[in-house]
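S.K.: Generate coordinates for the sequence data below:
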Amino acid sequence: MQRSAGCGADASVRLLLCVVLLLTSAPNAGPLSPEEARGKQLYTTGVSAAGREVTAYVGSQSVPLPASAVPCASCHGPDGLGRPEAGVIPTDIRWHTLSKPYGAVASGARQHPPYTAESFAQALRAGVDPGGNPLGRAMPRYELGPQDLADLIAYLQRIDTEFDPGVTDKEIVIGTVLPDTGQMAGIGAAMRAVMDAYFADVNTGGGIYGRALRLEVAGGETGAALLASGRALLSAAARQPFALLATYTGGRDAELGQASDEHGVPFLGTFTRASAAEAATLHAAFYLFGGLAVQGQALVDHAARTLEPSRVAVVHQDDPNVVAIAEAILAQAGKHDWPAVSRFPFLHNHIDAPGIAQGLEDRGVQAVFFLGSGSQFELLTEAAYALDWEPYMYVLGSLTGNYVFKAPLDFQDRVFMAFPTSANDRSPAGIREFNDFHRRHRLAREHLPAQISVYAATKTLLFGLRQAGRDLTRAKLIAALESLYQFDTGLTPSLSYGPNRRIGALGAHVVSVDLRKASLGRSSEWITPQ
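M.R.: Residues are numbered from 1 along each chain as shown. Below you'll find the model as predicted:
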C-alpha cells in the first residue's frame, strides 16, 4: 500500500473544493494569482513555495525522494499535455481534461469517472484514479499538505490558458527599437513601415493561428538612448512584448541581445557586432547576419585563399567599435601562415595618410585591411599612389561606400570589399515577392538594404511563430528558430541556427572592385570564417 499524507484529509478536501469552485467561475485571464503562481512552482520544480517539504514515493517499493527530483512537469511537460517517452504515456493533466463530465478512457482501456478535487488528491497520495483503478507504476505518489494541493489544482486550472507576456488568445505583441528623431530617423521610419505592412498582410489573412500581430515601438536618437528605450521596454511588465524584431540601436545590438536574454524575450535582429562565439552564449537572441567583425574575418580568409600575401597590415580608426573589428581581423590573420602582421591605428577623425603609407611601404606590406571612412580610404590610396606603392586593399563595404571607386586606377584588380549579402543571394521568386509587397504598400525607395533585411527578419520570425504552434510560448519559439536549417528567405543567404549557433548567415561575400567601370566586379562564393 502506498503511503499517504495522513494529515487533515477532510480539511484538505474542503479547501480544494472551495478553490475549485472559485476558479471555475473566475475568468482565466491576466497574470497568475498568488495561488496559481505557487502551484506553478510546485508543478515545475517540485518545491513548495511555502518552504514545506514535499516527498515523492517512486516505484513499487515506494522509494522516498525529494519531489524536486520528479516534478510533475518532468513527465507531463510544461503544458500538462504529457508526451510518450521510453514506453511511458503520461496523462494529459490539464484540469479541463481531467474533469470532463463523461470521464475518460486511459491507456489499456481503463475507464474512470471525471476527477474531482477529492479524487485528484487521492490519485496523488494513493495512486488510484476516480474509478479506483491503480495508476501506472511510473507515476510517483506525493505527500502534499492541503495548501500545496489547492495551489496545484489552481495552477492546473490555468496551465493551458497561461500565456507568456505579450501574447493572449487574440494577439501577439512584437517589439522593436528604432530611431525616431535625429539623423537616423529616416531609416527608423523605413524599417517600421516594412514591419507595419507585413503585419497588416498577416492580420488580413487571419493572423498567426487566429492571433493578430501588433507592433510595439520604442524610440530614441542615439545608440545609448535607443538601448535605454529597449531595456525599458523589456522591463515594463505591462507592455513587455512577446519577442523583439529587427531593432536598430546604433551599434548596441549585442547589449540589447544580452538584455533580451536576461528577460527571456526572444530576439531576432538583423546584424550583430558580437562574434560568433559571443553570440553563441545567448539563449534567446538570434541574428540574420554577423557584423563587421565577421565580414573582416571573411576578408582575411579570402586573402589567404587567393593571394597568399606574406606581409599584412591592419590600418584602423581608434574608435572602440572599430578597434574590436581590428582585433577580430588580427585574430583571424593569426590562423594563417603569414610571417608578419602590422597594426596602424589612427585618430578616428584624422588620418596621416602620407605617414601611414610610408610606414607600410617601409615594412614591405603587400596587403592592407583598412577600417576607416570612405574619404580616409581615398586619402590613403592617393598617398600610396604617390609612393608608387600598390598593395592589395581589403575594405568593408558598409564603412567605405562609393568612395572605393575613387582609388587611383593603378589599384585595378587590387581592391576587395566584403558585404553580408549580394545580388546572387536574391532568388527571382524572392525578388518578385518583395517587389510586389513594396508596390502594394507604396513603400518609399530610400534605405532599401535596411528594408530588405527587415523583410527577411520578419519573414523568418513569423515562420518560427507558425512552427511553434497554436499553444505558443517563448520556449517553443526559441526552439523553432533554433531548428531552422538553410531557411530560404529569398533575399538573403540561407539561414541556419542551432543550440550553439545564433547567427544565421555566418560569413560574407567578398567582391572585387572594377575601378575602370566604377562598379563592383565578380563576387566570391559565400565565405564562412574558419
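S.K.: rest of the way, CA atoms for contacts and neighbours
M.R.: Fine.
S.K.: List the residues that contact A293.
M.R.: Contacts here follow Cα atoms under 8 Å, 6 or more residues apart in numbering; on that basis A293 touches R273, A274, S275, A324, I325, A326, A328, I329.
S.K.: Mind checking which of those residues are in helices?
M.R.: Mapping the contacts of A293 onto helices (DSSP state H) picks out A324, I325, A326, A328, I329.
S.K.: Distance check, the residue nearest to the fourth one when sequence neighbours are not counted against P320.
M.R.: By the measure of Cα to Cα, 6 or more residues apart in numbering, the closest residue to A328 outside its immediate chain neighbours is A293, 5.8 Å from it. For A293, the distance to P320 under the criterion Cα to Cα, to the nearest Å works out to 13 Å.
S.K.: Correct me if wrong: V510 contacts A298.
M.R.: Yes: the pair V510 / A298 is scored as a contact, 7.5 Å apart, by Cα atoms under 8 Å.
S.K.: quick one, helices of the stretch 151-300 of the chain?
M.R.: 185-204, 223-235, 253-263, 276-280, 292-306 (DSSP state H, counting those that start in this stretch).
S.K.: Least confident of those helices, on average?
M.R.: For the helices of the stretch 151-300 of the chain, mean pLDDT drops lowest on helix 276-280, to a mean of 86.
S.K.: Using CSV, write out every CA atom in stretch 235-245.
M.R.: Provided in CSV are the C-alpha atoms of stretch 235-245 (Å, rounded to 0.1, in the frame of the first residue of the first chain):
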residue,chain,number,x,y,z
SER,A,235,11.5,45.7,-18.1
ALA,A,236,7.9,47.0,-18.4
ALA,A,237,5.7,44.3,-17.1
ALA,A,238,2.5,45.8,-18.5
ARG,A,239,3.9,46.3,-22.1
GLN,A,240,6.7,43.7,-22.4
PRO,A,241,6.5,42.2,-25.9
PHE,A,242,6.4,38.5,-26.6
ALA,A,243,9.5,38.9,-28.8
LEU,A,244,11.8,41.6,-30.3
LEU,A,245,12.3,42.0,-34.0
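S.K.: Go through it and flag the buried ones.
M.R.: For stretch 235-245, a neighbour-count test (16 or more other Cα atoms under 10 Å) marks Q240, P241, F242, A243, L244, L245 as buried.
S.K.: Check the offset of that stretch from the chain's centre.
M.R.: Its chain's C-alpha centre and that of stretch 235-245 lie 14 Å apart, by Cα atoms, centre = their mean, to the nearest Å.
S.K.: Equivalent analysis for stretch 336-354, please.
M.R.: On Cα atoms, centre = their mean, the centre of stretch 336-354 falls 35 Å from the chain's centre.
S.K.: Run through this protein and note the low-pLDDT ranges.
M.R.: Across the chain, the ranges flagged by pLDDT under 70 are 1-31, 83-87, 102-110.
S.K.: how's it carved up into domains?
M.R.: Domain ranges of the chain: 9-158, 171-289+425-499, 294-419+510-523, per automatic domain parsing.
S.K.: which one of the ones you listed lies closest to Q530?
M.R.: Closest to Q530 of these is domain 294-419+510-523 (Cα to Cα; 7.6 Å).
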